[in-house]
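>>> quick one: sequence and predicted model below, then my questions.
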Number of protein chains: 2
Amino acid sequence: MNAVTKTVLTSGAFDLIHYGHIRLLEEAKRLGGPDARLVVIIARDETVIRLKGRRPTFPEDQRRALIEALEVVDEALLGYEDLDMATVIEKVKPDIIAVGYDQDDIEEMARRIVEERGLDVEVHRLEKFVKEDLDSSSKIKRKIVEDLRSNY
Amino acid sequence: MNAVTKTVLTSGAFDLIHYGHIRLLEEAKRLGGPDARLVVIIARDETVIRLKGRRPTFPEDQRRALIEALEVVDEALLGYEDLDMATVIEKVKPDIIAVGYDQDDIEEMARRIVEERGLDVEVHRLEKFVKEDLDSSSKIKRKIVEDLRSNY
């Protein structure tokens, strides 16, 4: 008998890709066991603007294509308008939703939808892996600015 | 009879990964046919400093791990001191060396080594694929700085 393939769903903006993203995605996939399928929702440009107050460096199509090019990722999809999580869950039918360590709002939203609809979905909070400085796009941008300044 | 697996070798700093890198790596692999193996040499931090005059945003270990996490890449290795291409060719034994559109020095060096040693290695210059603005780490960095400025 084959093991049932579990689908893990996670999401993010993934603007400036760094090694911490890979670790995060690998850990998310691991939650679903050896045959897991990892589906990643990429936040739309408009969603990033609304949540972070600025346009991402890379447009949504390029952010999506880059994440899908990772070996650990089985499918990368653009989010719906306003990152409508109920629609995403209905479409992807995940067994597990992996929430980033800094995704408080997404965790709350996921738990509410799962509870309201009585779904058999585990919501799992991922830990912060990379202890180094460059663990977010904002920090990377600041470092780039500082590096450029120190060269002139 | 199985088709012979061809090894394609390419190289770069791969500091701020963007969609153009994926296109480039896919095209490099395609040169070796359907069963090709793609080996990527990642420039050492010291090599980047020497060639570009500044430290890369991400350290060499992280740049290497990120490239190896791409589905299209079979192996990613750190370059030798001074990106010693003769040693790299001896170790990787490529059938094809794929050179980026802006890697004049690397192309010249590769052709010289192949000729001097009488190797059966094809040196192939890749075209520039991504016509968009964000096709180099330098341009990405400039955009990040401009975006940050326009927000304050």
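Sure, I can see it. Numbers count the residues shown, from 1 in each chain, chains lettered A, B, ... in the order given.
>>> for A:Ile49, see how far away A:Val73 is.
Distance from A:Val73 to A:Ile49, counting by Cβ to Cβ, to the nearest Å: 24 Å. Every C-beta, even on glycine, is put in place using the N, C-alpha and C of the backbone.
>>> more crowded one of the two?
A:Val73 (22 against 13; other Cβ atoms under 10 Å in any protein chain shown).
>>> I'd say the more buried one and A:Ile67 touch.
Yes: using Cβ atoms under 8 Å, A:Val73 is in contact with A:Ile67, at 5.6 Å.
>>> name the residues contacting each of the two.
A:25, A:40 (Cβ atoms under 8 Å, 6 or more residues apart in numbering or on different chains).
>>> how about A:Met85: what's its closest non-neighbour residue?
Closest residue to A:Met85 apart from its sequence neighbours, by Cβ to Cβ, 6 or more residues apart in numbering or on different chains: A:Met109 at 5.2 Å.
>>> wait, is that neighbour part of a helix?
Yes: applying DSSP: H, G, I helix; E, B strand; the rest coil, one finds A:Met109 inside a helix.
>>> in chain A, where is pLDDT below threshold?
Counting by pLDDT under 70, the ranges of chain A that qualify are A:1-3, A:81-83, A:129-137, A:147-152.
>>> so which residues on chain A come close to chain B?
Counting by Cβ under 8 Å from any Cβ of the partner chain, chain A comes close to chain B at A:16-19, A:22, A:53-55, A:57-58, A:62, A:65-66, A:69-72, A:134, A:140-141, A:143-145, A:147-148, A:151.
>>> could you pick out the buried ones from those residues?
A:16-19, A:22, A:57-58, A:62, A:66, A:69-70, A:72, A:134, A:140-141, A:144 (16 or more other Cβ atoms under 10 Å in any protein chain shown).
>>> and those, which of them are in helices?
Using DSSP state H, the subset of those located in helices is A:19, A:22, A:62, A:66, A:140-141, A:144.
>>> tell me the phi and psi of the closest residue to A:Ala43 other than its chain neighbours?
Spatial nearest neighbour of A:Ala43, chain neighbours left out: A:Ala13 (4.6 Å); criterion: Cβ to Cβ, 6+ apart. With angles defined as degrees, to the nearest 10, A:Ala13 sits at phi -90, psi -40.
>>> correct me, but A:Ala13 touches A:Asp45?
No: contact between A:Ala13 and A:Asp45 fails when scored by Cβ under 8 Å: they sit 9.3 Å apart.
>>> mind listing the shared neighbours of those two?
With Cβ under 8 Å, 6+ apart as the test, A:Ala13 and A:Asp45 both reach A:Pro56.
>>> and the gap between A:Asp84 and A:Arg117?
For A:Asp84, the distance to A:Arg117 equals 14 Å [Cβ to Cβ].
>>> one more: A:Arg142?
Distance from A:Arg142 to A:Arg117, by Cβ to Cβ: 40 Å.
>>> tell me which of the two has more neighbours.
Neighbour totals were compared for A:Arg142 and A:Arg117, and A:Arg142 leads with 15 against 11 (other Cβ under 10 Å).
>>> what are the contacting residues of stretch A:89-105?
With Cβ under 8 Å, 6+ apart as the criterion, stretch A:89-105 contacts A:6-12, A:24, A:27-28, A:31-32, A:39, A:41, A:77, A:106-107, A:110, A:113-114, A:119-128, A:136.
>>> what segments of chain A are strands?
A:7-12, A:37-42, A:75-78, A:96-99, A:122-125 (DSSP state E).
>>> got a markdown table for the ones in helices among the buried ones among the residues of chain A next to chain B, with distance to A:Val99 too?
As requested, those are arranged in a markdown table below (distance: Cβ to Cβ, whole Å):
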| residue | distance to A:Val99 |
| --- | --- |
| A:Tyr19 | 20 |
| A:Ile22 | 17 |
| A:Gln62 | 24 |
| A:Leu66 | 21 |
| A:Ile140 | 22 |
| A:Lys141 | 24 |
| A:Ile144 | 28 |
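>>> tell me the contacts of A:Glu116?
Listed by Cβ under 8 Å, 6+ apart, A:Glu116 has no contact partners.
>>> roughly how far does it sit from chain B?
With distances taken as Cβ to the nearest Cβ, to the nearest Å, A:Glu116 is found 36 Å from chain B.
>>> now do A:Lys139
A:Lys139 is 10 Å from chain B, where distance means Cβ to the nearest Cβ.
>>> distance of that residue from B:Ile140?
Distance from A:Lys139 to B:Ile140, by Cβ to Cβ: 16 Å.
>>> same thing with A:Ile22?
For A:Ile22, the distance to B:Ile140 - Cβ to Cβ - is 19 Å.
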